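Visitor: quick one: sequence and predicted model below, then my questions.
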Amino acid sequence: MILDSKDNLYGTTTLGGAVGAGTVFKLSRTETETILHSFTGGADGIFPQAALILDKNGNLYGTTEYGGSFDLGTVFELTPTGMETVLHSFANDGTDGIYPLAGVAIDTAGNLYGTTVEGGGGNCEGGCGVVFKIVP
């Protein structure tokens, strides 16, 4: 879970939500829970596994293990009001990775970095995974 400057906690559930595909939630100081996004299991992603990160504008970033355009995982952005944007759908095209189980890190320019457990190249069955960078 991650804490913002107003002591709100944000986190993910791998399951649950409207169709059982996981959620992003906010827990206020008064212990009020708000579901910011309920994943559909389609293009928006399914099964968020890792912790979220928060930028200086209050946007949340994370990954989903599956879902996206090719059902191989996503990197997403979620505004403070809960509007989700898929920043990347993993494609397993020979260079792209698949199944991002870890979260992402952010640098001062807003670039996102992360890893996948498979895809890319290498001598591993299914690919050895990649380190990726997403430029805003």
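Guide: That came through fine. Since the structure is predicted, the reported quantities are computational estimates derived from the model, not experimental observations.
Visitor: what helices or strands is the helix or strand bottoming out on mean pLDDT in the chain leaning on?
Guide: Lowest by mean pLDDT, DSSP states H and E among the helices and strands of the chain is strand 118-119, with a mean of 92. Contacts defined by 3 or more CB pairs under 8 Å, 6 or more residues apart in numbering; DSSP states H and E place strand 118-119 against strand 97-98. Yep, even glycine has a C-beta here, placed from its N, CA and C like the rest.
Visitor: contacting residues around the strand it packs on?
Guide: Judged by CB atoms under 8 Å, 6 or more residues apart in numbering, the contacts made with strand 97-98 from elsewhere in the structure are 72-73, 90-92, 115-120, 126-127, 129-130, 132.
Visitor: ok, the residue with the largest distance to the centre of the chain to Tyr99 distance?
Guide: Here the chain has its C-alpha centre computed as a mean, and the residue farthest from that point, by CA atoms, centre = their mean, is Asn123 with 27.1 Å. Distance check for Asn123 against Tyr99: by CB to CB, to the nearest Å, it reads 18 Å.
Visitor: what lines up beside the least confident helix or strand of the chain in the sheet?
Guide: In the sheet containing strand 118-119, the strands it pairs with under DSSP bridges are strand 97-98 (antiparallel).
Visitor: got the contact list for the helix or strand that the partner strand is followed by?
Guide: Next in sequence after strand 97-98, counting helices and strands by DSSP states H and E, comes strand 105-106. Judged by CB under 8 Å, 6+ apart, the contacts made with strand 105-106 from elsewhere in the structure are 53, 55, 61, 112-114.
Visitor: show me which of these is closest to Thr40.
Guide: Set against Thr40, the nearest of these by CB to CB is Tyr61 (18.8 Å).
Visitor: which phi and psi values does that closest one adopt?
Guide: In this entry, Tyr61 is assigned phi and psi values of phi -130, psi 140 (degrees, to the nearest 10).
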